[in-house]
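> only geometry, no sequence info:
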């Protein structure tokens, strides 16, 4: 290994907000970082070149999906996920836990792991901590994640049991890991319950991981509950390791969760809303299918420097959306990802320059303007 | 107008094959030229940047579709088709005739024009020669085309009547045209009938246009019939004007029709087959859905210099295709267009260097190799 192993440098803090740099075998990740989601070894409607252009430094792959199709062993045989999808930057794979608990059918959770049926063809599979590590070692991402159980956020008794399993599984994942060039993140769970969140953060930091994911949020709880959970968890986590809030978020979530000490995010929102014809903007969401955009010569977001906004009008994107053209999905995905990646970069600069609170205030003032 | 008006320079011939250069207000078109089809103001799954990358010098827009959605008047209001779709190179719009006779419902053809109902919402519309010119003047393409009637290729009596209408409409289109910065092409019709094809070519060259489209071919007739029609028509057409064979074709059609004096082509084949999961190659067509590509680490076409072939394996493209990912449509479209545009460019070089017959022979030898 000539490339540097995994390392996190905390460069600056401003309140709880942090600016850092993660080193991986496939390059650096400036934080705060937003990770576009490449569920099936592709960020939907985007080439790797497009991803570089919008400013992505890392992408996420879904272990559950890639295990089912085309299969982690096939990907290993073809040289690993980076080579397979033509992305030479850092990759994080999740544990598959969230998908097993949201997509798969006929789940049975036991202390050893979880059996489930594929949502694609109904075939039966079993994820144990060891299996999930083996799959992620085959995929070869720079950052891999421990198997966790994502419980209903507001069921205390369920969360107690699920948390015990998640903690045991985390220890087994750490023990099962064999590759030195992959970083392993534990996953803090505990629903909306402060005592469980605290217990989970303390337990996992006691085991010791390269970084900490925070799971089971943005699943239906209120913003206040999400913020409260973060305010308990992040102060417990080591300052010299990255914190990754899974499945979040919106532009406003990014700002408010960076303000609460989060470094990394992923979410399907920018890519999924794009395919529904909607654009994220600094002033709010707009649906390009709306007839009022039919003759609107402005770009989606005036002032935006993305390829879409510098080349095309709202009227054109609306036309593509109403005619269901693939290019419409692409152009909206470009804009939406560019916006989240730009906000992450702006927050980083603000923290480095000690003006994060000013940035945060300005961000919220923008949102009160009409979209 | 500071930009040059329409002009065609015939640079070399080799047998009937020709190499030329078309000058338009939006740039030059080296010929032989393949024109990617941008039906709804987008070449499906391709940005204008992608089109430049694969080597497109001109794209086609469909008058019928753009008239219905978003409307030619709206496009004019937004600055014309070039600005609307963000393509600053040459554009050709067809007359809409082919779509009216293949897509629209409840057609009624009279001497004045054709009434039809939209295939989208059933609304009633009428295309007269004057209307079709007005629409194309609103769209603002560099090359526009006369309204023609595309008759069943093998019905002689129908073709006689349709040809009379097509000729009268061509005269009316020429008379109706008001913009000096658009070239107008007449459309030679006549089905598979040598006497009608000759009559049409002579009539239209007598009227005089900036170039000549050849329509009503590649609609079910045999290759021999298509070639025979070209062998009658192209020798009649003026050598100092471009000839455009509409709706053709495959790689082999390009080679054989250039050999018969054609300069320009358009076809949905490369973009449509891409969306069906198929790749065009020099040795034949391959369907990436085929299980034999599941672990194939080779590019779609070894030696191909397109973005897809230089970055991704058949296994990856197959995975994208079987999971119905948008990126699969895009990557196959890139490859297929790149192949046709490369073949067109290679033929041009071969004609310029007096070795077209050698090129043609080598092309056919390649096709006997296994795909």
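Good, I have the coordinates. Predicted model only: the values in this text are computed from it and were never measured. Numbering: from 1, shown residues only, chains lettered A, B, ... in the order given.
> Quick one: residues contacting the closest residue to residue A:202 other than its chain neighbours.
Nearest residue to residue A:202 in three dimensions, chain neighbours excluded: residue A:236, at 6.0 Å (C-beta to C-beta, 6 or more residues apart in numbering or on different chains). No exception for glycine: its C-beta is placed from N, CA and C like everyone else's. The contact partners of residue A:236, by C-beta atoms under 8 Å, 6 or more residues apart in numbering or on different chains, come to A:198, A:201, A:202, A:205.
> Among those residues, name the ones in helices.
The helices, defined by DSSP state H, take in A:198, A:201, A:202, A:205 from the contacts of residue A:236.
> Which positions in chain A make contact with chain B?
Residues of chain A lying close to chain B by C-beta under 8 Å from any C-beta of the partner chain are A:40-42, A:44-49, A:69-70, A:74, A:77-79, A:84-86, A:294-295, A:297, A:307, A:311-313, A:315-316, A:319-320, A:322-323, A:325-327, A:329-331.
> Show me the contact partners of the helix or strand where residue A:116 lies.
Following DSSP states H and E, one finds residue A:116 within strand A:114-117. For strand A:114-117, contacts defined as C-beta under 8 Å, 6+ apart pick out A:97, A:100-101, A:104-108, A:123-127, A:149.
> next structured bit after it?
As assigned by DSSP H and E, the chain's next helix or strand after strand A:114-117 is strand A:124-127.
> pLDDT on that following strand, on average?
Strand A:124-127 shows a mean pLDDT of 96.
> what helices or strands is it leaning on?
When contacts are defined as 3 or more C-beta pairs under 8 Å, 6 or more residues apart in numbering or on different chains; DSSP states H and E, strand A:124-127 sits against strand A:114-117.
> buried residues in the strand it packs on?
For strand A:114-117, burial by neighbour count (16 or more other C-beta atoms under 10 Å in any protein chain shown) applies to A:114, A:115, A:116.
> Show me the beta-bridge partners of the second one.
Okay, so that is residue A:115. Counting by DSSP bridges, residue A:115 forms beta bridges with residue A:108, residue A:126.
> between the buried residues of strand A:114-117, which is closest to chain B?
Taking C-beta to the nearest C-beta as the measure, chain B lies nearest residue A:116 of those, at 19.2 Å.
> What number of residues are in the vicinity of the closest residue to that closest one other than its chain neighbours?
Using C-beta to C-beta, 6+ apart and skipping residues adjacent in sequence, the residue nearest residue A:116 is residue A:104, 3.7 Å away. If you count neighbours by other C-beta atoms under 10 Å in any protein chain shown, residue A:104 ends up with 21.
> contacting residues for residue A:104?
By C-beta under 8 Å, 6+ apart, residue A:104 lies in contact with A:64, A:116, A:117, A:118, A:119, A:125.
> And residue A:5, by the same measure?
Counting by C-beta under 8 Å, 6+ apart, residue A:5 touches A:23, A:25, A:180, A:181.
> Sort out which of the residues you listed are buried, if you could.
A:23, A:25.
> just the contacts of residue A:5 now: which is nearest chain B?
Distances from chain B to these, taken as C-beta to the nearest C-beta, are shortest for residue A:25 (20.0 Å).
> gap between that closest one and residue A:348?
Going from residue A:25 to residue A:348 by C-beta to C-beta, to the nearest Å gives 22 Å.
> try residue A:190
Distance from residue A:190 to residue A:348, by C-beta to C-beta: 28 Å.
> and the two? which has more neighbours close in?
The neighbour count for residue A:190 versus residue A:348, taken as other C-beta under 10 Å, is higher for residue A:190 (29 against 24).
> which ones are touching the closest residue to the more buried one other than its chain neighbours?
Leaving aside its sequence neighbours, residue A:190 sits nearest to residue A:196 (C-beta to C-beta, 6+ apart; 3.3 Å). Residues in contact with residue A:196 (C-beta under 8 Å, 6+ apart) are A:156, A:159, A:160, A:163, A:189, A:190.
> Now restrict those to buried residues only.
Here, 16+ other C-beta under 10 Å leaves A:159, A:160, A:163, A:189, A:190 buried among the contacts of residue A:196.
> from the residues you listed, which ones fall inside helices?
Members of the buried ones among the contacts of residue A:196 lying in helices (criterion: DSSP H): A:159, A:160, A:163.
> quick one: which of those residues is nearest residue A:282?
Residue A:282 lies nearest to residue A:159 out of those, by C-beta to C-beta, at 36.1 Å.
> That closest one contacts residue A:195, doesn't it?
No. Between residue A:159 and residue A:195 there is no contact, the gap being 10.0 Å when judged by C-beta atoms under 8 Å.
> So what touches stretch A:268-283?
Applying C-beta under 8 Å, 6+ apart, the contact partners of stretch A:268-283 are A:36-37, A:39, A:43-46, A:249-251, A:285-289, A:300-301, A:304, A:317, A:321, A:328-329, A:332-333, A:335-337, A:339-340, A:363, A:366-367, A:369-371.
> Swap in 6 Å and give it another go.
Applying C-beta atoms under 6 Å, 6 or more residues apart in numbering or on different chains, the set of residues contacting stretch A:268-283 from outside is A:37, A:44, A:285-289, A:300-301, A:321, A:329, A:332-333, A:335-337, A:339-340, A:366, A:369, A:371.
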